[in-house]
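> model the structure of this input:
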Amino acid sequence: MKIMVTGGAGFIGSHLVDRLITEGHQVMILDDFSTGNKKFVNPKAELTELDIRDTDEVNKFFKSFKPEAVFHLAAQISIRESTENPEYSQEVNVQGSQNIISASKEYGVKKIVFSSTAAVYGENQNLPLKESEPIKPTSPYGEQKMVIEKELEESGIPSIVLRFANAYGPRQGTIGEGGVIGVFCQRLNGGEPLNITGNGEQTRDFVFVDDIVDANIKVLECDKEFAIYNVSTTKETSINNISEQLLSISQKNVKVEHSDTIKSEVVRNSLDNRLIKEETGWSDKIDIQEGLINTWEWFNKNI
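Reported below is the predicted structural model:
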C-alpha cells in the first residue's frame, strides 16, 4: 500500500514508518524537522521536507505520490507552547491538518489515521476515561485536536482517531505528554538532578511507543467509516515512581528536587482502552518497567 506519514521523522512517526517499511508498504514522509530528526528517517522511505501549513506544497506531493492511506502525526505538541503562542499552534494543528484533509479528499485517500490526545478530555476525574466522556479541553492544544477530530468525522473520508495517553520510549523528545521520561533520561545521562513539579504524586498513563505503533497498524484495516479509540494502559503511574524506577535502572546517584506545582497541571490521568481491544484485537504489551529499561538503554547509547 502507498502510505503517507506526516511527522514521520518524529518520535512516534519514525517508529511507525519503520514498521510500515518492514511490512512491505511504500512510504512517503512529510516532515518540516521542527522537532523531527533526520537520523530517525528510514532510508527506504521517500522523504519530503515540507511544512503542512503550505497548502500548495501539500497538494503537490499528494498529487505526485497519490497515497492510499495517511497517518497524520505532524503537530505542534507542546501544551505550554500552545498557550504561550496560540497563533502558531493553531496554524500547524488546525490549518495544517485542514490542508491534509483537503488534499486527502482531492486525491482519493481511502483512510486517514489521526493522532489525537488525552488532552481533549480536560479536567475529568472519572478515571479511566472512556471515549464517550464529554470533551472539555483546557488547553489550546486540546481544543485544536478536538476541532480536527470533528472535521474528520464530517469529511466523508474513512477516518480513525487515536487518542494517545502519555507516549514514551526510544527517540522521545523532551516535550509532549510523556516528555517527563525523556527529560529524566537526559538529565540522568548528564548526572544532573531530577526536577519534579509539586509533590510528585500526580499520575499519568504511560504507554510505550511500540504499543502505539501496534494500534496504528491495527486500525489501518478497520472497516469503520469513523471511530475514536483510546490508546493506553489504563494504569496510573506517579512521577515519583517513574523517577525511582529510572534511578534504579540507570544506577545513577543524582538528587531529586521538587519545584512549585504548575497551576494547569492535571493531577491524575488514565484512559480506558477496552473499546480498541474489543473492536480491533489490539492490546498493550509493554509494562512500565520493561518500557523504562528499553527507553533508558536507548538514551544511554544515543544521547
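> where does pLDDT dip in the chain?
The model of the chain has pLDDT under 70 over residues 175-178, 263-264.
> can you pull out the strands in it?
Assigned by DSSP state E, the strands in the chain fall at 2-6, 26-31, 46-49, 69-72, 111-117, 159-164, 166-168, 194-197, 203-204, 206-208, 226-231, 237-238, 256-259.
> reformat those strands as TSV; add mean neighbour count and distance to residue 300.
Where you see a C-beta, it was placed from the backbone N, CA and C, and this is true even at glycine. Below are the strands of the chain laid out as TSV (neighbours: other C-beta atoms under 10 Å; distance: least, C-beta to C-beta, whole Å):
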stretch	mean neighbour count	distance to residue 300
strand 2-6	25	28
strand 26-31	24	26
strand 46-49	16	28
strand 69-72	25	29
strand 111-117	24	28
strand 159-164	25	25
strand 166-168	26	15
strand 194-197	18	16
strand 203-204	22	23
strand 206-208	27	17
strand 226-231	23	27
strand 237-238	16	21
strand 256-259	12	19
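> need these in TSV with distance to residue 244, can you?
Converted to TSV, the strands of the chain look like this (distance: least, C-beta to C-beta, whole Å):
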stretch	distance to residue 244
strand 2-6	36
strand 26-31	35
strand 46-49	40
strand 69-72	35
strand 111-117	27
strand 159-164	24
strand 166-168	16
strand 194-197	10
strand 203-204	14
strand 206-208	14
strand 226-231	26
strand 237-238	9
strand 256-259	9
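> ok, which of the ones you listed comes nearest residue 100?
strand 69-72 (5.3 Å; C-beta to C-beta).
> for the closest one, name the packing helices and strands.
Applying 3 or more C-beta pairs under 8 Å, 6 or more residues apart in numbering; DSSP states H and E, we find strand 69-72 packed against strand 2-6, helix 97-106, strand 111-117.
> apply 6 Å and report the result again.
strand 2-6, strand 111-117 (3 or more C-beta pairs under 6 Å, 6 or more residues apart in numbering; DSSP states H and E).
> gap between it and the chain center?
Its chain's C-alpha centre and that of strand 69-72 lie 14 Å apart, by C-alpha atoms, centre = their mean, to the nearest Å.
> paired strands for it, with orientation please.
Looking at strand 69-72 with DSSP bridges, its partner strands are strand 2-6 (parallel), strand 111-117 (parallel).
> what comes into contact with the shortest one?
Defining contact as C-beta atoms under 6 Å, 6 or more residues apart in numbering, one finds that strand 2-6 is touched by 13, 17, 20, 25-30, 67-74.
> could you measure from residue 233 over to residue 68?
31 Å (C-beta to C-beta, to the nearest Å).
> what do you get for residue 165?
29 Å.
> can you check residue 226 too?
18 Å.
> and for residue 15?
21 Å.
> related to what we said a few turns ago, could I get the strands paired with strand 69-72 as CSV with distance to residue 203?
Shown next, in CSV, are the strands paired with strand 69-72 (distance: least, C-beta to C-beta, whole Å):
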stretch, distance to residue 203
strand 2-6, 31
strand 111-117, 17
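> which one of those strands lies nearest to residue 286?
Residue 286 lies closest, by C-beta to C-beta, to one member of those: strand 111-117, at 18.5 Å.
> centre of the chain to that closest one, how far?
The answer for strand 111-117 is 10 Å, by C-alpha atoms, centre = their mean.
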